[in-house]
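Student: need a 3D model of the sequence below.
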Amino acid sequence: MTGPDFDPVVIRAVYPPPRRIAIIGLSDRIGRPSHDVAGALLRWGYEVVPINPGRDTILHQTCYPDLARVPGPVDIVDVFRRSEHLEDHAEDILAKKPVVLWLQDGVRDDHLAARARALGILVVQDDCIGRRVGGWQRPSAAAH
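Tutor: I've put the predicted structure just below:
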């Protein structure tokens, strides 16, 4: 986890569900990291909104071609696109004003992160939301 925003504030912003998570770059292919993470988030009670211009549905959820076309607010925008493609989505992300912008493993854009933070958006870069949320799930599951 990188950046100063990964602290209890971020944890409270993403956990526990229900939270609405738009996933940019969600694949319909089983075994792809985005598909596996989205499936886990759904099992853990999150609402997943797939963003993929080439699909109508993924994981039985209505798919949107871009974030701008998603109706209503989203709590978290999770990005599974390579860093060099973030600029393609930056304006939509900033206009949507999620509580958290989460950039997956290997994905960083310090300029976008600074712009998002200036709008009050919490930012996590280069980390997997599935791994983090999964870790938070385990203690509560063990308590039951």
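
Student: tell me which element Leu94 is part of?
Tutor: helix 87-96 (DSSP states H and E).

Student: sketch out the low-pLDDT regions of the protein for me.
Tutor: 1-8, 15-18, 135-144 (pLDDT under 70).

Student: that one: strands as residue ranges?
Tutor: Using DSSP state E, the strands of the chain run over residues 20-24, 47-51, 57-58, 61-62, 76-79, 100-103, 122-124.

Student: any chance you could list what contacts the helix holding Leu94?
Tutor: Helix 87-96 is contacted from outside by 22, 24, 66-68, 70, 73-74, 77, 79, 81, 101, 109, 112, 115-116, 119, 121, using C-beta atoms under 8 Å, 6 or more residues apart in numbering. Yep, even glycine has a C-beta here, placed from its N, CA and C like the rest.

Student: buried subset of these?
Tutor: 22, 24, 67, 70, 74, 77, 79, 81, 101, 109, 112, 115-116, 121 (16 or more other C-beta atoms under 10 Å).

Student: I'm done for today, thanks for sticking with me.
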